[in-house]
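Undergrad: The following block contains a protein sequence and its predicted model.
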Amino acid sequence: MAKKNKSRKARKEANQNLQKMPAGQLRQKGEALLAKGNYRDAIKSLKLVQQKAPGDTEVQHLLVRAYALREMQLRQKGMLKEAEAVHLQVCQYRPEVAALEAADLLFFLASTGLQNAVSLYNTYLAHGHQPVSEAETIITGILLETDDWQAASQLADTALLKPDLPMFQEAARLMDAADWESALDCLKPVSRRSPLAPVKLLCRAMVCFYQEDDDGMRRALAMIPDRFPLHPLMECLKSAPDRISPLWQGQSLTTEQNRFLVQRLRNADVHGAARIVKRMAQAIYPQDPIPAIEQLLYMLLPLASEQNLDVYDFVNMAETLLPGPRGEAVAAKFQFLAFGDYFADTDAYLDFLETEFPDPADRAVATSMVLSTSVKWVADRGMTYEAVYTSRFAQGELDRLGATSDDPEDVLLEIVLRSIELDPHNVQAHDLLNRLPSTSRKAKRLKETGLLKLVDQHPDDPAACIALSKLYLGKNALRKAETYLREAERRAPHDEQVREMHALTLLRSIDTNLKRAKFHLVKADLEKVDALNARKLSALVAARHILFEMAHTGQLSLFDDGTPSGKKETLASIVDRHTAPLSAAEQLGTLGILEINRQQRPESWNRARNKCLEQCFRSRTATVGTLTSKAMRHLLLPDVDILPAGFGRAAWLDIFTSRYKKIFEPLGDEDVLPVMEALVETHAEDLCLKEIQRRLKHTAGPYLALFRFYQMVIRHSTGLSRSTADAFIALIDEVPSRHKELFRSAARRLARSVGGPLRAALEHFDFRMLDSPCNCPICSGLADMDDDDDEEEFDDWEDSLLPHLDSSTQVLAAMVEALVDTIHLRGANQKELKRCRNEMMGDYKSKTMLANMAESIPPDVAMQLSAEARYLIFG
Amino acid sequence: MLADYLVLGLEPGATDEAVRERYLALVRIHPPEHDPQGFQDISLAYERLKDRHSRIRHQLFGYRTAGDVEASLAYLARAVKPTRNRVGLKTLLKALKKTNPGTSK
């Protein structure tokens, strides 16, 4: 009560102060209150001014404005009776309607209700004024809000809106029924200048909104004038439609939610993460959250490779979140994805494919993909033997995957064949069939069976024919290989690769028959190879022609009418005749092939021929300098396939580097790098260092630093001068960052040819590794430990232990306990145990050891293990 | 998989034809010049769902190689959009009054 009296007293005092104020000050205060939107106090101040200075028209104008705005404010608040009372004041103070200007009319219309607005506008028109379209737009807006069609029907006949009222009423009904398209259709005849134009634009905006054309919606809304009474709605639709909740159905995911989920998992809070996954799944797909949970789990799986988590956490989470077989299926999938290089996990996952792929056709394709991918992982990681032999010692698993053999090489091929059988269009399986090794006779037969099936199943695809011909080439079945190459050519007549392959096969056949002195076959093959016109192999073909003519001397006349017998042609003229149409690089290539033949078959090269060949090489010394950089690179680094078997790149390079001192000069800086790498690989480091020394004198830019880098690496690896890590780092730091990638890739390539810590430093492109001691068994000296000592030690330990143990499983259990003691896990808490187990599971050998132990220890022995040992082995 | 269906606004199990039709319709609405992110998402979803082999391959191995978990989740978040609800003018005005009292008569 006291508080109420106090406020009343304060108000009374304020009133008294107001009345004491001079008129000018009061007017200023009134104007300020009006601007602030405090219309009630503005009215009070301005009324006092009017009492003190009656007849001031400006004050009267301000006062009527304040009354009108107060009326609008009360209407917005829904205080209609109070608004009507204020409206009477507006009517009392506002100018005569006859004298009202258009702008004032719009103001008074916008501030009042529909009935008052219609009445005011009618009076305005009755005084002989022209209809005002903007004024009727305001009436239209108020009409849409109030739906008072009775009041609207009282509009004067001269009003622009009057004839369109029935159409407008129908459109408004459709708008309320959310049929915005029909409303737009209904308002089709409305012109751009009509008072109904904003309504039509609103309909167009909503139609665009439902067509998900937000730009179109914004364009339509931007054309609606500000004075349209529904303007606040337009603004909201334009700037933040998502704030109008009835416009949307369903929930959305926020980035905060995602971040929170990942954070939980990184903190190893699996239960918390599971709760969030459940909540998010509800938001993603409320109809059926299970697929959404699966989706989220798959997305989060890569986190299993992080330090705090392992795949078993995800397996547990899947089994907690998903009911029955769905959870088991996801868990099996996780195990397969994480350890797919064990066929046992592949087999376990295949059991659940029916849950994931209920359609049999889909399931066949999926099974085929799982099988081929599993084989790919095993082959890529070079784990064929481990995968096959550690398949939990159970042959049954492999049988289910389609493998019956014991040989690891055959097992992979059998699984691939099964995969192709299930889905003949499995490209990965085709690729595997081509590239998997097949050294044994059975493996070759399996591969042949599979490829023959592919040749029949894909009658337009040359790939299987090429692969089959390669297989036959490997078996030296050259005619069979040729048959399938001809078939491949029929299937892909414009494929250059097929033609080259065919030509190479024929060249191999020529080589074999030259050795056997079956010249009629050689001649036939040479004709075939000429007909193929394999441009890239012209040097090889020319060399075979020369070798043929060298070998058949004196016999050819028995078969054709070629070179007349008795007239002996020198080797130089034969070489010149066959190499004349070739380019300088191809000529050198031909001589290179002849040199290979000289080295491999010295019995067919007499002294005269040797001399003649050397002369041919010498006569082309001048042409070496004229070769382009690219041509020289192709000459020095040919495709290994074109070199005869048993003849390596080192010997090929030696043919040219030993004869031509300036052989590297035509090579540009970019092309010389692979040649240098080949020299390092073939242990011709001296030659490489000499060339680097020469280039360092006149090269600039990034290649200068790169040559210095090559020089440092070669000197370090050959022991000429050991560089420190700082020296390497300083050299690389000098290079601008945009050229660093050149160094990184060069380091990766060079790593193949060097060894020791330098190799590791080059592979990781981290030269600090050169200075830090290596902990690997080789460097730490563990590898030098005598294996016999180890065995003796173990035997002693075993002998002392065995008398006290009943069986081999108990020996194993004792070993597990010893392991727990060795790695100081005795008495460790669960977190430490988990960390240790995760670390061991991350290492292949430890993982295999733990898996083998878990397999071998029977449940009754497992129960006797200590808690630490049990956790370490079984998780 | 579900995320991809959501990006295209389809129910899981939609036919190849439905996927293609929806993809073409969405690409027209989200051209790369105006909505590069949207276009990228739509193209990615289409690539994964366009035929049986792509669909199965993605379902089996799609997320094994997705190193960036955050990016995958962001893709999902973009896919989970609330649908547009059909409402009339009166409902809109009433909602506006609730959100922004005093802005409408």
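TA: That came through, no problem. Numbering: from 1, shown residues only, chains lettered A, B, ... in the order given.
Undergrad: what ranges do the helices span in chain B?
TA: Per DSSP state H, chain B carries helices over the ranges B:2-8, B:16-29, B:36-49, B:52-61, B:69-79, B:89-99.
Undergrad: and the first one, does that touch chain A?
TA: Right, the one you point to is helix B:2-8. Yes: using Cβ under 8 Å from any Cβ of the partner chain, helix B:2-8 reaches chain A at B:Leu2, B:Ala3, B:Leu6. The way it works is simple: take the backbone N, C-alpha and C, and place the C-beta from them, glycine included.
Undergrad: Select only the buried ones of these in PyMOL?
TA: Buried members of the residues of helix B:2-8 next to chain A, defined by 16 or more other Cβ atoms under 10 Å in any protein chain shown, are picked up in PyMOL with:
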select buried, chain B and resi 2+3+6
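Undergrad: that older thread, out of the helices of chain B, deepest packed?
TA: For the helices of chain B, average neighbour numbers computed from mean count of other Cβ atoms under 10 Å in any protein chain shown are highest in helix B:2-8, which has a mean of 24.
Undergrad: Could you list the residues in contact with it?
TA: A:284-285, A:291-292, A:294-295, A:299, B:11-12, B:14, B:19, B:22-23, B:26, B:41-42, B:44-46, B:48-49, B:58, B:72, B:75-76, B:78-81 (Cβ atoms under 8 Å, 6 or more residues apart in numbering or on different chains).
Undergrad: pLDDT at residue 20, what is it?
TA: Going with chain A. pLDDT, the model's per-residue confidence, is 75 for A:Lys20.
Undergrad: ah, I was thinking of chain B
TA: 95.
Undergrad: Tell me how many other residues surround A:Gln16.
TA: 9 (other Cβ atoms under 10 Å in any protein chain shown).
Undergrad: Figure out how far the helix or strand hosting it is from the centre of its chain.
TA: Assigned by DSSP states H and E, A:Gln16 belongs to helix A:2-20. Taking Cα atoms, centre = their mean, to the nearest Å, one finds the center of helix A:2-20 at 73 Å from the center of the full chain.
Undergrad: Name the residues that touch the helix or strand just after that helix?
TA: Once helix A:2-20 ends, the next helix or strand along the chain (criterion: DSSP H and E) is helix A:23-36. Residues outside helix A:23-36 that contact it (Cβ under 8 Å, 6+ apart): A:18, A:21, A:39, A:41-42, A:45-46, A:48-49, A:52-53, A:59, A:62, A:65-66, A:69.
Undergrad: And the next helix or strand after helix A:23-36, what does it pack against?
TA: Toward the C-terminus, helix A:23-36 is succeeded by helix A:39-52 as the next helix or strand (DSSP H and E). If contacts are counted by 3 or more Cβ pairs under 8 Å, 6 or more residues apart in numbering or on different chains; DSSP states H and E, helix A:39-52 sits against helix A:2-20, helix A:23-36, helix A:57-76.
Undergrad: Closest one to chain A out of the residues of helix B:2-8 next to chain A, please.
TA: For these, the residue nearest chain A by Cβ to the nearest Cβ is B:Leu2; the value is 4.4 Å.
Undergrad: Tell me which residues of the helix holding A:Gln16 come out buried.
TA: Under 16+ other Cβ under 10 Å, helix A:2-20 has no buried positions.
Undergrad: any idea of the angle it forms with helix A:39-52?
TA: On the basis of axes from the mean of the first three to the mean of the last three Cα atoms, to 10 degrees, helix A:2-20 is oriented at 40 degrees to helix A:39-52.
Undergrad: how about the CA coordinates for stretch A:172-188, as CSV?
TA: The C-alpha coordinates for stretch A:172-188 follow below in CSV (Å, rounded to 0.1, in the frame of the first residue of the first chain):
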residue,chain,number,x,y,z
ALA,A,172,-8.3,-14.4,-49.5
ARG,A,173,-10.3,-17.5,-48.8
LEU,A,174,-7.8,-19.6,-50.8
MET,A,175,-4.9,-17.8,-49.0
ASP,A,176,-6.3,-18.8,-45.7
ALA,A,177,-6.7,-22.3,-46.9
ALA,A,178,-3.0,-22.4,-47.8
ASP,A,179,-3.8,-22.9,-51.5
TRP,A,180,-1.4,-20.2,-52.6
GLU,A,181,-1.2,-21.5,-56.2
SER,A,182,-4.9,-21.2,-56.7
ALA,A,183,-5.0,-17.8,-55.0
LEU,A,184,-2.3,-16.6,-57.5
ASP,A,185,-4.4,-18.0,-60.3
CYS,A,186,-7.4,-16.2,-59.0
LEU,A,187,-5.5,-12.9,-58.9
LYS,A,188,-4.2,-13.4,-62.4
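Undergrad: Are it and chain B in contact anywhere?
TA: Yes: against chain B, stretch A:172-188 shows contacts by Cβ under 8 Å from any Cβ at A:Ala172, A:Met175, A:Asp176, A:Ala177, A:Ala178.
Undergrad: so what's residue 69 up against?
TA: Unless you meant another one, I'm taking chain A. Applying Cβ under 8 Å, 6+ apart, the residues near A:Leu69 are A:Leu34, A:Tyr39, A:Ser111.
Undergrad: please go with chain B instead
TA: For B:Val69, the contacting residues are A:Val262, A:Met299, A:Leu300, A:Pro302, A:Leu303, by Cβ under 8 Å, 6+ apart.
Undergrad: at 6 Å instead, please
TA: Taking Cβ atoms under 6 Å, 6 or more residues apart in numbering or on different chains, we find B:Val69 in contact with A:Pro302, A:Leu303.
Undergrad: can you give me the helices in the stretch 251-400 of chain A?
TA: A:255-266, A:270-284, A:289-300, A:311-321, A:324-339, A:343-351, A:353-356, A:360-380, A:384-389, A:395-400 (DSSP state H, counting those that start in this stretch).
Undergrad: Looking at these, which is nearest to A:Leu582?
TA: Nearest to A:Leu582, of all the helices of the stretch 251-400 of chain A, is helix A:360-380, at 41.3 Å by Cβ to Cβ.
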